[in-house]
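> What follows is a predicted structure for the sequence shown.
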Amino acid sequence: MKLSNTELKIEVEQQRHLPLLKFISVILGTVFGILLVSIGGTTFDVMAGMFLFENFQLPIVLSLAVVTGAIGMFLVKRMKAKSVVSQKEITFGAVNFSRRVFIGALFFGTGWALTASCPGTAMVMIGEGKLTGLFVVVGIIIGTITFGFFNRNAR
Amino acid sequence: MENYILAAWLGGVLMGIFVIIHFVVIGRGVGGSTGFVCAVKRTTQSKSLFFGYDLDPLKFFFSLGLPIGGLIHVLFIQDGNFAFSFDMGVYDNVLPSSDVLKGLMLVAGGAFLGIGARLAGGCTSGHALAGGALLNPVSLVIAGAFFATAIGVAQLLFYVF
């Protein structure tokens, strides 16, 4: 897919500051990891409680996170409406809902329910000493490679 | 619930603030699954796997930070007693009691997560948190599908099997 001029420019910008951005990314990941544990995202009983409608901790957290995030992003876009910086706020590779995506959601939801983890929380669990996270991560890598293998002619 | 878990309203607001910070600093949404694609590309050095894939290389470093966060939480916010465990709380009541089978199920579940995240274009963080903050309707539908499926499978797991 050909990148637009704006995206190319941002890529170049990123390249220049890459070492710093890598370090910042690790810091951000660390903070997110701490947050995930703090909300109960890595606690099996909280996860099970959410799926079984017994514990509403995570649904409330997620709903409020979306509301807060939406308000914040709205303000951010407004404040920087005209500057170049606003072009930094690219939406991630926009996905269209399709049968493939739907099947993906079925796979993901199944894995989520079976392991009580997602790709993010599984990594955090490893840091907590929860070895289950390690097995899940191995599985995620296998799944990712499998997808890559079957899609290698896609683009 | 453990006593280190934040009140839901506070956790939610902090998460939302984090999503905004991530957008402003990195210029993209938060996400936990892309890091694995980066890892696969780096280690396999394959020219064909994920060729031309729209990839954010920084996600790899973000994913590296996640377990560090977990460790810091255990050491400094919890009681500081780091210990390896294979315990899964109430899940141990429904998963195979044999450690080998349990491990296999976890790997299989992980594979489902990996394939699903790629097919759906992201994980819960990417769609629910980042996509949600952008009020991206497709992301919210996908997140909803994640939840609905997980809830359905969990019902089967806990109540039927």
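Happy to help now that I have it.
> Could you list which residues are in contact with the residue most central in space within chain A?
Nearest to the mean C-alpha position of chain A, by C-alpha atoms, centre = their mean, lies residue A:120 at 6.8 Å. Going by C-beta atoms under 8 Å, 6 or more residues apart in numbering or on different chains, residue A:120 touches A:32, A:36, A:41, B:32, B:33, B:63, B:66, B:123, B:124, B:125. (C-beta placed from N, C-alpha, C; glycine too.)
> remind me, longest helix of the chain?
You didn't say which chain, so I picked chain A. helix A:57-79 (DSSP state H).
> Not quite, go with chain B.
Chain B, longest helix under DSSP H: helix B:99-120.
> Would you mind giving the orientation angle of the least confident helix or strand in chain B by mean pLDDT with respect to helix B:99-120?
Least confident element among the helices and strands of chain B, by mean pLDDT, DSSP states H and E: helix B:34-44 (a mean of 89). Interaxial angle, helix B:34-44 versus helix B:99-120 (axes from the mean of the first three to the mean of the last three C-alpha atoms, to 10 degrees): 100 degrees.
> For chain A, give me the ranges with low pLDDT.
Residues of chain A meeting the criterion pLDDT under 70: A:1-16, A:80-94, A:153-155.
> Residue A:121 and residue B:159, how far apart?
With the distance defined as C-beta to C-beta, to the nearest Å, residue A:121 ends up 24 Å from residue B:159.
> same check, this time on residue A:149
36 Å.
> Between those two, which has more neighbouring residues?
Shown here are residue A:149 and residue B:159; by other C-beta atoms under 10 Å in any protein chain shown, residue A:149 has more neighbours (12 against 9).
> can you tell me which residues contact the more buried one?
Contacts of residue A:149 by C-beta under 8 Å, 6+ apart are residue B:49.
> Run through the helices of chain A in chain order.
Here chain A has its helices, by DSSP H, at A:5-16, A:18-38, A:44-51, A:57-79, A:99-115, A:119-128, A:131-150.
> With distance to residue B:46 added, can I get these in CSV?
What follows is the helices of chain A, written out as CSV (distance: least, C-beta to C-beta, whole Å):
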stretch, distance to residue B:46
helix A:5-16, 22
helix A:18-38, 22
helix A:44-51, 34
helix A:57-79, 35
helix A:99-115, 22
helix A:119-128, 20
helix A:131-150, 8
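> Point out the most buried one among those.
Most buried of the helices of chain A, by mean neighbour count (mean count of other C-beta atoms under 10 Å in any protein chain shown): helix A:119-128, with a mean of 29.
> For that helix, list the C-alpha coordinates in PDB.
Extracted in PDB, the C-alpha atoms of helix A:119-128 (Å, rounded to 0.1, in the frame of the first residue of the first chain):
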ATOM      1  CA  PRO A 119      -1.700 -10.500  24.400                       C
ATOM      2  CA  GLY A 120      -1.100  -7.500  26.700                       C
ATOM      3  CA  THR A 121      -2.000  -9.000  30.100                       C
ATOM      4  CA  ALA A 122      -0.200 -12.300  29.300                       C
ATOM      5  CA  MET A 123       3.000 -10.400  29.000                       C
ATOM      6  CA  VAL A 124       2.300  -8.600  32.200                       C
ATOM      7  CA  MET A 125       1.600 -11.800  34.000                       C
ATOM      8  CA  ILE A 126       5.000 -13.100  33.100                       C
ATOM      9  CA  GLY A 127       6.500 -10.200  35.000                       C
ATOM     10  CA  GLU A 128       4.300 -11.100  37.900                       C
END
